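J.: coords please:
(one chain, ligands or ions: 3)
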Amino acid sequence: MITHSWGPATTLSAGTTLERHILERQRQIPGATGDFTGLFQQIALAAKIINSRVRQAGLAGILGLTGARNVQGEEVQKLDEFANNVLVRSVEAGGHLCVMASEEEEEPIRIPDHYPTGKYVLLFDPLDGSSNIDVDISIGTIFSIHRRQTLGRHGTLADCLQRGSSQVAAGYVIYGSSTVLVYSTGDGVHGFTLDPAVGEFFLSHENIRIPARGKSYSINEGNTHLWSPQLRRWIEHVKMPRAAVEGAKAETYSARYVGSLVADFHRTLLKGGVFAYPADKKSPDGKLRLLYEAAPMAFICEAAGGAASNGSKRILEIEPSRLHQRTPLYIGSREDIATAERFLREP
Ligand code: AHG
Ligand code: MN
Ligand code: MN
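T.: Ligands and ions are numbered 1, 2, ... in the order given. Modelled structure (predicted):
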């Protein structure tokens, strides 16, 4: 479990805006400068702008490919580029960051010399689930905030390569049937739903806790032919009807897979269960990126009472060595992750 120096989650009434929620936390930190609050407000603004464009995507003629490819070698959808630019422009001038890094950019993003720099580092996946843009399935934005470790005016790659357990905060926005921003500073997980008429995020999911065990498993079974025998045995186990207690009705897990990490994780966080993007013969490190996909989701999941592993080790304990390094990811209900690790450990 992560502990955080900030006090217990305050009980705030519904109708609480994200801004007020963040300010309440700021008031509990002796000597808080308002830097974190300022950065978070800029991220929330970027989320509203991206949301607005996502909602128009089908109309704005921006669907389809730019023809460009990103550092991952994937076709960059126009919305990826747009979301990346919006995030960078929204936070670069605020003086809260010393450096940032994006899935869409090979190198860390330097704060322009004519702007002040600050003590935080922002890592992000501006648009997660890009392959779902054109088919109107939920997509999202994922972000991770660290404190800088180096001195000097500008942050460096070293400031970006920090283990997940040192995150100051992590969050994601899901552009789904509604637009929800979920974040944690380590002492609780809270969700805010955007009221487009007002343009504000309102507290809708206070102190989210993930069930100890769930009823759904989420994995791309199209890759079964690439899986290890241990992985296959785990999924076969999950599929077998099992009585929770003797004589009780046999329970089975439902298969749920959206293909957007943000959507698959959000469902798992709220309802329990397990999401996995494992290593396989084609992708020995899995597909998901550690710094701006697995680590922020792991931070949130553990803060909600869940677990996140690479199959044998806590995601939050992995020491990053490369900006875009990938990791296998098993994340969700604590008991479900323990079962997965038990099967994966077998010879
Ligand atoms: P991104 O769009 O940022 O590249 O992320 C896509 C990721 C993640 O959202 C999702 O869990 C995974 O790709 C789905 O991969 P498959 O299509 O291989 O199942
Ligand atoms: Mn992604
Ligand atoms: Mn992405």
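J.: can you list the low-confidence ranges for the protein?
T.: Residues of the chain meeting the criterion pLDDT under 70: 1-14, 57-71, 73-77, 244-248.
J.: how about the residues of it near ligand 2?
T.: Neighbours of ligand 2 within the chain, by CB under 5 Å from the ion: 125, 128. Where C-beta positions appear, they are placed from N, C-alpha and C, glycine not excepted.
J.: ok, now with 6 Å
T.: Residues of the chain lying close to ligand 2 by CB under 6 Å from the ion are 125, 128, 261, 293.
J.: turn these into CSV, columns for secondary structure and neighbour count.
T.: Below are the residues of the chain next to ligand 2 laid out as CSV (DSSP: H, G, I helix; E, B strand; the rest coil; neighbours: other CB atoms under 10 Å):
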residue, secondary structure, neighbour count
D125, strand, 28
D128, strand, 29
L261, helix, 26
E293, helix, 27
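J.: pipe the residues you listed into TSV and attach distance to N84 per row.
T.: TSV is the format used below for the residues of the chain next to ligand 2 (distance: CB to CB, whole Å):
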residue	distance to N84
D125	9
D128	12
L261	17
E293	15
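J.: and the residues you listed, which two are furthest apart?
T.: D125 and L261 (8.3 Å; CB to CB).
J.: what touches both of these two?
T.: Common neighbours of D125 and L261, using CB atoms under 8 Å, 6 or more residues apart in numbering, are 142, 293.
J.: and the closest residue to G306 other than its chain neighbours, what does it touch?
T.: Nearest residue to G306 in three dimensions, chain neighbours excluded: I210, at 4.0 Å (CB to CB, 6 or more residues apart in numbering). Going by CB under 8 Å, 6+ apart, I210 touches 268-270, 272, 301, 304-306, 332-334.
J.: would you list the phi and psi of I210?
T.: When read as degrees, to the nearest 10, the backbone of I210 gives phi -90, psi 130.
J.: now swap in S333 and tell me
T.: Dihedral angles (degrees, to the nearest 10) for S333: phi -60, psi 140.
J.: quick check: it touching G273?
T.: Yes. S333 is in contact with G273 according to CB atoms under 8 Å; the separation is 6.0 Å.
J.: can you show me the helices along the stretch 51-200 of the chain?
T.: 78-91, 157-160 (DSSP state H, counting those that start in this stretch).
J.: and these as a markdown table, adding mean neighbour count?
T.: Shown next, in a markdown table, are the helices of the stretch 51-200 of the chain (neighbours: other CB atoms under 10 Å):
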| stretch | mean neighbour count |
| --- | --- |
| helix 78-91 | 22 |
| helix 157-160 | 18 |
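J.: so which of the ones you listed gets nearest ligand 1?
T.: helix 78-91 (7.4 Å; CB to the nearest ligand atom).
J.: is ligand 1 contacted by that closest one?
T.: No. Against ligand 1, helix 78-91 shows no contacts by CB under 6 Å from any ligand atom, the least distance being 7.4 Å.
J.: what helices or strands is that helix leaning on?
T.: On a contact count with 3 or more CB pairs under 8 Å, 6 or more residues apart in numbering; DSSP states H and E, helix 78-91 meets helix 35-56, strand 65-69, strand 97-102, strand 120-128, strand 139-147.
J.: so what strands line up beside the last one?
T.: It refers to strand 139-147. Paired strands of strand 139-147, with direction, are strand 120-128 (antiparallel), strand 169-175 (antiparallel) (DSSP bridges).
J.: for P328, which of the ones you listed is the nearest?
T.: strand 120-128 (17.2 Å).
J.: what's the angle from the closest one to helix 78-91?
T.: 160 degrees (axes from the mean of the first three to the mean of the last three CA atoms, to 10 degrees).
J.: what is the closest residue to ligand 2 within the stretch 101-250 of the chain paired to in the beta sheet?
T.: Nearest residue of the stretch 101-250 of the chain to ligand 2, counting by CB to the ion: D128, 3.4 Å away. Beta-bridge pairing for D128 (DSSP bridges): G140.
J.: show me which of the residues of the chain next to ligand 2 neighbour ligand 1.
T.: Among the residues of the chain next to ligand 2, ligand 1 is touched by 125, 128, 261 when using CB under 6 Å from any ligand atom.
J.: which one of these is nearest E103?
T.: D125 (4.5 Å).
J.: residue contacts, the closest one?
T.: If you count contacts by CB under 8 Å, 6+ apart, then D125 has 102-103, 141-143, 289, 292-293 around it.
J.: change it to 10 Å
T.: 80, 83-84, 87, 102-104, 140-144, 172, 261-262, 288-289, 291-293, 296 (CB atoms under 10 Å, 6 or more residues apart in numbering).
J.: what does G152 give?
T.: 98, 117.
J.: quick check: it vs ligand 1, distance?
T.: 31 Å (CB to the nearest ligand atom, to the nearest Å).
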